[in-house]
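J.: Compute the structure for the input listed below.
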Amino acid sequence: MPARTPITEKEIEQKELTVLRYIHAYITEHYYPPSMSEIANAIPAKNGNPASASVVARYMRKLQDLGYITTEPRVARSTRVTDRGAYKLLTEQRKV
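T.: Presented below is the predicted three-dimensional model:
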């Protein structure tokens with residue numbers, strides 16, 4: 001099997017931003033957060049299949065570390081977009 005090319009910092013940031021946008025849009029539409037599997041289904045991997053749970057967990061952990069989301073340990077659908085996360089989304093929209 002060929003070696004995987006490493007993901008660049010910019011690609012990681014774009015995928016994390018995609019996850020953040022999805023969480024925000026889902027909460028706006030449904031009034032509750034998406035499940036991990038719903039996030040995985042919305043974020044396609046390079047092969048077009050849904051992202052794996054471990055990949056989604058990694059993106060979520062990074063978003064938490066950056067202060068863009070919060071979650072409660074062992075509580076389903078507890079993800080919330082923080083003020084900092086909402087501001088990040090707002091500033092990203094203005095760049096476009």
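J.: what's the single longest helix in this structure?
T.: helix 9-30 (DSSP state H).
J.: what packs against that helix?
T.: If you count contacts as 3 or more C-beta pairs under 8 Å, 6 or more residues apart in numbering; DSSP states H and E, helix 9-30 packs onto helix 36-42, helix 53-65, strand 80-81, helix 83-95. C-beta coordinates here come from the backbone N, C-alpha and C atoms, glycine included.
J.: Buried residues in that helix, which are they?
T.: 15-24, 26-27 (16 or more other C-beta atoms under 10 Å).
J.: Closest one to M60 out of these, please.
T.: V19 (7.0 Å; C-beta to C-beta).
J.: contacting residues for the residue nearest to K62 when sequence neighbours are not counted?
T.: Ranked by C-beta to C-beta, 6 or more residues apart in numbering and with sequence neighbours excluded, the top spatial neighbour of K62 is E16, at 5.5 Å. Neighbour list for E16: 59, 62-63, 66 [criterion: C-beta atoms under 8 Å, 6 or more residues apart in numbering].
J.: Identify the bridge partners of V81.
T.: I69 (DSSP bridges).
J.: What average pLDDT does stretch 67-85 get?
T.: Mean pLDDT, computed over stretch 67-85, is 94.
J.: same thing with stretch 28-47?
T.: 92.
J.: any idea which residue sits dead centre in the chain?
T.: Centrality entry for the chain: nearest residue to the mean C-alpha point is V19, 2.3 Å, by C-alpha atoms, centre = their mean.
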